[in-house]
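In: With the input below, show me the fold.
(2 chains)
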Amino acid sequence: MAGFLLRRLVNYAVLVVLAASLSYLLAASALKPRANLEDRNPRPPAAVVDAELNRLNLNDRTPLAERYRVWAAGVLRGDFGRTLQGEPVNDELWRRLWVSVRLLTFGTVLGCVLGVLLGAYAAVRRDRPSDRIITAGSYLLLSTPIFVLAVLLQIGAQKVNDTTGLQVFEWVGETAPGSSEGTFGPLGGLGDRLRHLLLPTAAVALAQLALYSRYQRGMMLDVLNADFVRTARAKGLRHRDALLRHGLRTALIPMTTYFAYTFGLLLLGGMFLEEIFGWHGMGEWLVESIIRGDVNAVAAVNCCAAAAVLLAGLVSDVLYGVLDPRVRTSGTTWTARTGRS
Amino acid sequence: MNRPGRTLRGLAASRRVVIGASLLVLLFLLAFAGPYLAPWGWEDTDFTAFREPPSTRHWFGTTQSGRDVFALTLRGMQKSLVIGLLVAVLSTALAALVGMVAGYLGGWPDRLLMWGVDLLLVLPAFLVVAVLAPSLGGGWPLLVLLLAAFLWMITARVVRAMTISLREREYVLAARFGGASTPWIIRRHILPHLASLLIVDAGLNVSVAIMAESGLSYFGFGVQPPDISLGTLIADGHGTATAYPWLSGFAAGLLVLTVLAVNLLGDGLRDLLDPTLEKGTP
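Out: Purely as a prediction, here's the structure:
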């Protein structure tokens, strides 16, 4: 098992390096940081612009290979360079990374668990009204882009706020200023944070739930009529136990594959949510940086995204190995299983 | 599984196909015939109605600058549908071509093509499209090419795997030893076996492409003005969606309906055409 994981780790590390380098080269050759500096008011003299670009390693007149070398040497030391404003990218990166983690964690966990349970339930109740409702609901959710879903949630929340006359829901930012100085002190601040989390979490959870319930229903249907579940029933296990202990568990194995596969989608969805709910996370930063032409920031965000996706792949491999002992010898991975490499 | 259950399920699948297909036809009719019925063109400005809610005069209301939302929405929908269809056809064709050539030829062409597939899978697709689409200035046709370039890889792998197994069939071997040329064998003996897979894949790619286009346009990286799409309409209205829902609500609704119709059609077709699916659930 350890050897297998080590092999995967090396493979993933190579892919991360490749992905990060490619995103840097792309950003450095296509984005125009010079235009951003030149457009400042009052317009700086050309020599000043050049000096500033050189200082930030963003000068498009320096050969791309040279800029890449400087950037890569920095990254190896754990330094992603500086933003266009001259601030270190690392500080901003850490701050924003935690914002994104806070935004997505609850919704992801909730969405995965509920999706798996709903999908399994729908499979057991195949072709009955409850299955129909779950299937129709997941179809509708899958067809709704997350930016439409988020706005719908906001409209609904507005209605609730209007009818109750209370600010039950909040949907701008992470927290309201001064919320910790109310009558409840820091507890009020925490409550306020949770209130701000409600809608984004619902959006993430619904989007994930739709995906996972579709997958899980399909997996579970494959397993329900399998011989080992029938055997479990035949040896006297109750229907419920046979389904839970033998059916659900086996049907969960392929789901670990989908976890890695949908993780990239999750990060992409997070970008929309940050934009819509006004959280200053990684996705918002990426969009702003692309527009501004901030090469180092763009490269850093993409580096993190690549690392996160492949980390999810590694987690998926570990889970797969834990659930399915055969993998330790055959060495199949989520990438091979989904047809990725 | 007894026969009645199977046919029932087949019936459900064909019902999905029928519902999806008819919904899609209606949406296409609306997008392309609707503008002829509307009293206002998409470029017209009504200086007597600024940000009016829907009325008999303006069916979907007007924007802040007095433009008719119905006409704008249909115009955007046309673009989204065209982009979705083109991307799907292009990416599936590319997947079929690369997958079949790599699978049939094997050896170094296979290794080279699969290396290309792997490389594209590693590339950060969002970044590439977001950076290149606005800066190259090719307008929406360029966006179609870029989106298509990132949607074909996984299908190509599936096609390759199927081609490798088809390659060893007797009739393919017979054709090969009979002196048939490689393109002919691929066209006559390999492609027909992949047709159902490719049709379904193209169908599902339409919805992926429409979603991707509107998502990119939402951030301003997709369709650029003066062109409009459902994504740009939704983005324009999003800040005011709670106060003036008609500005983007109809565009959002039509987007969801379109994707839903395509998904129903694609999934239904897959269940109808794919015999292995029934094997999995005997």
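In: ok, now how distant is B:L260 from B:L273?
Out: 20 Å (C-beta to C-beta, to the nearest Å). All C-beta atoms are positioned from the backbone trio N, CA, C, and that covers glycine.
In: Identify the residue spatially nearest to A:E288, adjacent ones excluded.
Out: Nearest non-adjacent residue to A:E288, counting by C-beta to C-beta, 6 or more residues apart in numbering or on different chains: A:D294, 7.7 Å away.
In: residue contacts, the one you found?
Out: A:L31, A:P33, A:N36, A:T83, A:L84, A:E288 (C-beta atoms under 8 Å, 6 or more residues apart in numbering or on different chains).
In: where exactly do the helices run in the stretch 1-150 of chain A?
Out: Here the stretch 1-150 of chain A has its helices, by DSSP state H, counting those that start in this stretch, at A:2-30, A:33-38, A:46-55, A:64-76, A:89-124, A:129-142, A:146-164.
In: now the ones you listed in a markdown table, with distance to A:A207, mean neighbour count and mean pLDDT?
Out: Converted to a markdown table, the helices of the stretch 1-150 of chain A look like this (distance: least, C-beta to C-beta, whole Å; neighbours: other C-beta atoms under 10 Å in any protein chain shown; pLDDT from 0 to 100):
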| stretch | distance to A:A207 | mean neighbour count | mean pLDDT |
| --- | --- | --- | --- |
| helix A:2-30 | 24 | 17 | 84 |
| helix A:33-38 | 34 | 16 | 81 |
| helix A:46-55 | 40 | 14 | 83 |
| helix A:64-76 | 32 | 14 | 88 |
| helix A:89-124 | 7 | 19 | 89 |
| helix A:129-142 | 7 | 16 | 89 |
| helix A:146-164 | 5 | 18 | 86 |
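In: what about B:L260 and B:L273, which has more around it?
Out: B:L260 (21 against 15; other C-beta atoms under 10 Å in any protein chain shown).
In: Nearest to the spatial middle of the chain, which residue is it?
Out: No chain was given, so I picked chain A. In chain A, the residue lying closest to the centroid (C-alpha atoms, centre = their mean) is A:L267, at 2.8 Å.
In: I was thinking of chain B, sorry if that wasn't clear
Out: B:V206 (1.1 Å).
In: Quick one: residues contacting it.
Out: B:G84, B:L85, B:V87, B:A88, B:V262, B:G266.
In: neighbours around the second one, how many?
Out: Around B:L85 sit 18 other residues, with neighbours defined as other C-beta under 10 Å.
In: quick revisit: so which of the helices of the stretch 1-150 of chain A gets nearest A:L310?
Out: helix A:2-30 (4.3 Å; C-beta to C-beta).
In: what angle separates that closest one from helix A:64-76?
Out: Here helix A:2-30 runs at an angle of 140 degrees relative to helix A:64-76 (axes from the mean of the first three to the mean of the last three C-alpha atoms, to 10 degrees).
In: From the chain's centroid, how far away is helix A:2-30?
Out: Here helix A:2-30 is found 18 Å from its chain centre; the criterion is C-alpha atoms, centre = their mean, to the nearest Å.
In: which stretches of the stretch 101-250 of chain B form helices?
Out: Going by DSSP H, counting those that start in this stretch, the stretch 101-250 of chain B shows helices at B:107-122, B:125-136, B:139-149, B:153-167, B:170-177, B:182-185, B:191-218, B:230-237, B:246-273.
In: Just the mean pLDDT for the fifth one, thanks.
Out: In this model, helix B:170-177 has an average pLDDT of 89.
In: related to what we said a few turns ago, mean neighbour count, the helices of the stretch 101-250 of chain B: which tops it?
Out: Highest mean neighbour count among the helices of the stretch 101-250 of chain B (mean count of other C-beta atoms under 10 Å in any protein chain shown): helix B:230-237, with a mean of 26.
In: So which elements touch that helix?
Out: Secondary-structure packing of helix B:230-237 (3 or more C-beta pairs under 8 Å, 6 or more residues apart in numbering or on different chains; DSSP states H and E): helix A:146-164, helix B:69-105, helix B:191-218, helix B:246-273.
In: ok so, going back, go through the contacts of B:V206 and name the one nearest B:R176.
Out: Using C-beta to C-beta, the contacts of B:V206 come closest to B:R176 at B:A88, 32.1 Å.
In: need the contact list for the closest residue to that closest one other than its chain neighbours.
Out: Distances taken as C-beta to C-beta, 6+ apart place B:N205 nearest to B:A88, at 3.8 Å, with adjacent residues excluded. Residues near B:N205 by C-beta under 8 Å, 6+ apart: B:V87, B:A88, B:S91, B:T92, B:L151.
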